[in-house]
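Structure, please.
(2 chains)
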Number of protein chains: 2
Amino acid sequence: MNQLYKKLTPYLEQWRMLQTSLTLFEWDLETMAPESSIERTASVMELLQDGLRKAILKPETKRTIEALKDASDLSPAEAAIVRELVREMEKMEAIPSEEYREYANLQASAASIWAEAKKKNDFSSFAPTLEKVVDMTRRFAEKRAKGKKSPYDVLLEDYEKGFTEEKLDSFFEKLEKELPPLVQEAQKAQAGIDDSFLHQKFPVSKQREFNKYLAEYMGLDSKRVAMAESAHPFTTNLHCDDVRITTHYYEDLPASAIFSTIHEGGHALYELGVSEKLTLTPVGMGASCGMHESQSRFYENMLGRRKEFWIPLYGKLQELFPEQLGNISLDRFLAAVNLVKPGPVRIESDELTYSLHILVRYRLEKELFNGDLSVKELPERWDSLYEKYLGIRPKDAAEGVLQDIHWAQGSFGYFPSYALGNAFAAQIGKKMEEELPVGELLSEGKLSEITAWLREKIHRFGAVKPVSELLKDATGEEFCPDYYLDYLKDKVRAISQPV
Amino acid sequence: MNQLYKKLTPYLEQWRMLQTSLTLFEWDLETMAPESSIERTASVMELLQDGLRKAILKPETKRTIEALKDASDLSPAEAAIVRELVREMEKMEAIPSEEYREYANLQASAASIWAEAKKKNDFSSFAPTLEKVVDMTRRFAEKRAKGKKSPYDVLLEDYEKGFTEEKLDSFFEKLEKELPPLVQEAQKAQAGIDDSFLHQKFPVSKQREFNKYLAEYMGLDSKRVAMAESAHPFTTNLHCDDVRITTHYYEDLPASAIFSTIHEGGHALYELGVSEKLTLTPVGMGASCGMHESQSRFYENMLGRRKEFWIPLYGKLQELFPEQLGNISLDRFLAAVNLVKPGPVRIESDELTYSLHILVRYRLEKELFNGDLSVKELPERWDSLYEKYLGIRPKDAAEGVLQDIHWAQGSFGYFPSYALGNAFAAQIGKKMEEELPVGELLSEGKLSEITAWLREKIHRFGAVKPVSELLKDATGEEFCPDYYLDYLKDKVRAISQPV
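Prediction:
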């Protein structure tokens, strides 16, 4: 090992200790912690956050990182870790300690003010806070941009390196042009499909049983994967031998938990597949938000909504719910879980309209950060963009502009990664189809061979390769959103065929 | 605030962050973490342990602690914190970093070697490891003793300051003399009591419902207390607004979960009652192991096995288990849960024989540390002491010398605190009876008034007062084990009365 690189060891141990602790606290808050614990526990989490900041800004650490920037004899993993540390160090350096604390406090209070405003359905009580968040986020981004790029590009690249406004503009323009007619075509073709059988009562204890079965079927080995319940489903991991998913059960919406388990299962398989040589390091996790989302959406939609996926599974579901599904054919079930229905809420949206929800948010973030839109004008603009792209107007702020927590947390630039995830997934799926008999493997219950392919091409690299390189190495091509649109067109075409 | 004391702030923040994280990891490992996660997670926990050691041995911190030793203008809480830091610093200083790591590794591997040996029922496969643990523990204790006291006294005082071998000898001699005849008397009086109705099937889901009800009845507000399940019941807390208890359900032993909930509930009420000014500091928890155990045993035995405790509760239990308990009178239920039955296993033992299990362990630890017994001779000596004090011989090593994990973890000197807890509880209970109509309050479901008394006298002080002072302030007297024996004698006398 490079002698200089060795000097990073104390920092890397600090990082491992503080970051893993922080991850555990975050998990615990959503799944187990009693309600009144939050305030005091947040004070401990702030110390952990602050510890991470101090660790990377420690003079010895900074000197070592600086010196390693140009080292030529590092392994790919070492070089990637140095790249990540440089990024993190520059980010932290740009923000004075005082302002960093102020921002952390603002984020914490903004989240609860947002929650309260959503409950009361009152945007005006959240607007002044959101204005502060936007201002501080923009100010930090400007500092980090050093006049070399736009603040919004700085934010975008926090989540998806290389995917600047320019690149995303051309991506979203394609979606803007091609998705709305596809949605209309699908709706026309699906007229008359009845999914009311998925809105009967499905006892939660039986749903739990099915979802546990489903998780194991997907290869989520219970020795390395924990399952719990939380208000919103999510995935996290302490390391490659401790990955955790949650779901949320609704008695009259069994498809919600089922597809969230497949979705989070996709995230979990990614983390389980990261090389154990990388785990517990700053590159020991999925490569980016978008790449992570590509895996979850690939399992959820591109595999999980295919008939072949359900051939080995549907019998089990019918067995657990004979009254509800005993007389429902697999084709009827499939048609119901593929129903396209524009609605106001992103997380309840179908595969075809999902990226339109993201398009709305992308447009709004751009306008906010480029000074074309004020926070005050946000609700009206939100509603009019929903009308434009999805043909509906939210009935109120709670199901409109207040629906997501992201902006309260200062996570501007995050949303586009969801749409990119869909597009990455389609491009990866296309390549996989060339190399594997995907449908056949699914019908035969050999999901593990599909996962093995993804592990080989994507998972094992963790965050060592930049996303663009990872995608190119896996698919042989630069990022190309056409595969995503082709995939959706094929899907709509298939829907339009009589069953 | 004392200016010098202020200099402790960075250390105290480190402590808060690292210790709270460690506590959360410990909780998580027992309740949620997937099986295969342990090894990697242990490596993170070692970093946290090491971080705590480094924090207190940091030169600036040491200098401040040294300088504060003689400060006269500290508040009681500050002075207590300094007292704890001095103790911890001296403990850590006595052990070189290398050996400390070696010891930590030994403890970790010893626990799994012990578990394996217990499973295989083979003491010889654990003996060499246990020898190493005893040797290292003794060596560290000798260093810390600096020739001023015996190594075993050093260990004893880690758990219960002031309770040296000399003091414990006179305590245990009393127990040795008076308990065995009491056990015999109770058994004679209880001949013919039938508790078979407590060995029917009690569905776990209903048990869960009752234990949840019971916890709330005890005042464990679910906004501040989480409940979970683990192999062995325990209590932990992150701070005074986040206290957690576990239990373990056996379908044919409903009393096991019930009395573990009352027991852990007693621990939990203690932590919930610690002043919020102290929480998240090194004195923000129960005063000692023994004092903690006094609270859990007070609720479990001195309240929880009284008829009055069950008057407001037994109807609920019958309601949930009409087939099993519908025809069982409260008196029969009470007689069954108070049955005295010497057995080989400590954690399954009744109130009367419990301290005899501790007596055996105390004798063995003394002999081991004073050089009168070798690890090899341990099993035979264990069995003969069980025969002597409890009149039974364990059928094998698993239910004999291998039953507890404590020694594998190097926790020598811990066991006596369980017996002391019983004695503290009796002394505190005696005082409470003078000031409160305990039986009446229980019958009327006013447990909260009893808890309020304990909060006022014990809980709120956390670990600010040393145990001896706490006990004296609460009861008006120095520690006196006679109350414990009087309590047990009264109980046996009551049992001997016809119902």
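
how long is stretch A:444-464 end to end?
Distance between the two ends of stretch A:444-464: 34 Å, counting by CA to CA, to the nearest Å.

now the stretch 251-400 of chain A, which segments are flagged as low pLDDT?
Low-confidence segments of the stretch 251-400 of chain A, defined by pLDDT under 70, are absent.

Around whatever residue of it ends up closest to chain B, how many other residues sit close by?
Minimum separation of the stretch 251-400 of chain A from chain B (CB to the nearest CB) falls at A:L280, amounting to 6.6 Å. In this view, the C-beta of every residue, glycine as well, is placed from N, C-alpha and C. Applying the criterion other CB atoms under 10 Å in any protein chain shown, we find 22 residues in the vicinity of A:L280.

and what of A:D169?
Using other CB under 10 Å, A:D169 has 12 neighbouring residues.

how about the helix or strand where it lies: buried residues?
Element membership for A:D169 (DSSP states H and E) is helix A:165-190. Of the residues in helix A:165-190, those with enough neighbours to count as buried (16 or more other CB atoms under 10 Å in any protein chain shown) are A:165, A:167-168, A:171-172, A:175-176, A:179-180, A:182-183, A:185-187, A:189-190.

which strand residues sit across from the residue in the stretch 151-300 of chain A that chain B sits nearest to in the sheet?
Nearest residue of the stretch 151-300 of chain A to chain B: A:D242, at 3.5 Å (CB to the nearest CB). Under the criterion DSSP bridges, A:D242 forms beta bridges with A:H239.

Show the model's pLDDT score for it.
Looking at A:D242, its pLDDT stands at 98.

number of nearby residues for it?
By the criterion of other CB under 10 Å, A:D242 has 29 neighbours.

what's near enough to touch it?
If a contact means CB atoms under 8 Å, 6 or more residues apart in numbering or on different chains, then A:D242 has A:R224, A:A226, B:A33, B:P34, B:S36, B:S37, B:R40, B:T41 as its contacts.

Determine which two of those are furthest apart.
Considering CB to CB, no two members of the contacts of A:D242 lie farther apart than A:A226 and B:R40, which are separated by 14.1 Å.

So between those two, which is more surrounded?
Neighbours around A:A226 and B:R40, counted as other CB under 10 Å, are more numerous at A:A226. The numbers are 25 against 18.

Provide the backbone phi and psi angles at the closest residue to A:T475 other than its chain neighbours.
The shortest distance from A:T475 to any residue other than its chain neighbours is 4.3 Å, reached at A:K431 (CB to CB, 6 or more residues apart in numbering or on different chains). Torsion angles at A:K431 (phi, psi; degrees, to the nearest 10) stand at phi -60, psi -40.

which SS class is the residue nearest to the spatial centre of chain A?
Averaging the C-alpha coordinates of chain A gives a centre point, and the residue nearest to it by CA atoms, centre = their mean is A:E293 (4.5 Å). A:E293 carries the three-state label helix when classified by DSSP: H, G, I helix; E, B strand; the rest coil.

do the same with A:I193
Taken by three-state DSSP, the conformation at A:I193 corresponds to coil.

Can you give me the neighbour number for it?
Around A:I193 sit 14 other residues, with neighbours defined as other CB under 10 Å.

Now do the phi/psi pair for it.
The phi and psi values for A:I193, taken as degrees, to the nearest 10, are phi -70, psi 130.

What is the helix holding A:D169 packed up against?
For helix A:165-190, the helices and strands in contact under the criterion 3 or more CB pairs under 8 Å, 6 or more residues apart in numbering or on different chains; DSSP states H and E are helix A:151-159, helix A:354-369, helix A:378-390, helix A:416-435, helix A:482-496.

Let me have those in a markdown table, adding mean neighbour count as columns.
A markdown table is the format used below for the helices and strands packed on helix A:165-190 (neighbours: other CB atoms under 10 Å in any protein chain shown):
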| stretch | mean neighbour count |
| --- | --- |
| helix A:151-159 | 22 |
| helix A:354-369 | 22 |
| helix A:378-390 | 18 |
| helix A:416-435 | 22 |
| helix A:482-496 | 17 |
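
Please dump those helices into CSV; it should also carry distance to B:K6 for every row.
As requested, those are exported to CSV (distance: least, CB to CB, whole Å):
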stretch, distance to B:K6
helix A:151-159, 37
helix A:354-369, 42
helix A:378-390, 45
helix A:416-435, 45
helix A:482-496, 59
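
quick one: which of those helices is nearest B:K7?
Put simply, out of the helices and strands packed on helix A:165-190 the one that sits nearest B:K7 is helix A:151-159, at 37.3 Å, with distance taken as CB to CB.

quick one, that closest one and helix A:416-435 angle?
Computed with axes from the mean of the first three to the mean of the last three CA atoms, to 10 degrees, the direction of helix A:151-159 lies at 50 degrees from that of helix A:416-435.

So what touches helix A:151-159?
Here helix A:151-159 has contacts from A:91, A:137-138, A:141-142, A:144-145, A:163-165, A:168, A:288-290, A:365-366, A:369-370, A:412-414, A:416-417, using CB under 8 Å, 6+ apart.

Next one: the residue nearest to A:T475 relative to chain B, how far apart?
Distance of A:K431 to chain B, given as CB to the nearest CB, to the nearest Å: 32 Å.

swap in A:T451?
Spatial separation of A:T451 from chain B under the definition CB to the nearest CB is 18 Å.

how many neighbours does that residue have?
As a burial measure, A:T451 scores 22 neighbours (other CB under 10 Å).

swap in A:E308?
Summarising burial for A:E308: neighbours were counted as other CB under 10 Å, giving 15.

Ok, A:R87 next?
14.

repeat for the one 5 residues further on
If you count neighbours by other CB under 10 Å, A:M92 ends up with 18.

before we move on, which element is it in?
helix A:76-93.

Run through the neighbouring helices and strands of that helix.
Other elements packing on helix A:76-93 under the criterion 3+ CB pairs under 8 Å, 6+ apart are helix A:38-57, helix A:59-68.

Indicate which one of those is closest to chain B.
Of all the helices and strands packed on helix A:76-93, it is helix A:38-57 that lies closest to chain B, at 4.0 Å by CB to the nearest CB.

residues of the closest one that come out buried?
A:38, A:40-41, A:43-53, A:55-56.

helices and strands around it, which ones?
Applying 3+ CB pairs under 8 Å, 6+ apart, one finds that helix A:38-57 contacts helix A:9-31, helix A:59-68, helix A:76-93, helix A:97-120, helix B:9-31, strand B:235-239.

now that helix against helix B:9-31, angle please.
Counting by the same axes, to 10 degrees, helix A:38-57 lies at 110 degrees to helix B:9-31.

Centre of the chain to helix A:38-57, how far?
Using CA atoms, centre = their mean, to the nearest Å, the mean C-alpha position of helix A:38-57 is found 24 Å from that of the whole chain.

What of stretch A:36-51?
Distance of stretch A:36-51 from the chain centroid (CA atoms, centre = their mean) equals 24 Å.

Name the residues that touch it?
Counting by CB under 8 Å, 6+ apart, residues outside stretch A:36-51 touching it are A:14, A:18, A:21-22, A:25-26, A:29, A:33, A:101, A:104, A:108, B:13, B:16-17, B:20-21, B:221, B:223-224, B:238-242, B:279-280.

Buried subset of the residues you listed as a PyMOL selection?
Typed into PyMOL, the line below selects the buried ones among the contacts of stretch A:36-51, using 16+ other CB under 10 Å:
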select buried, (chain A and resi 14+18+21+22+25+33+104+108) or (chain B and resi 13+16+17+20+21+224+238+239+240+241+242+279+280)
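
can you list the residues of chain A near chain B?
For chain A, the residues in contact with chain B under the definition CB under 8 Å from any CB of the partner chain are A:13, A:16-17, A:20-21, A:24-25, A:28, A:31-37, A:39-41, A:43-44, A:47-48, A:51, A:221-226, A:228, A:238-244, A:279-280.
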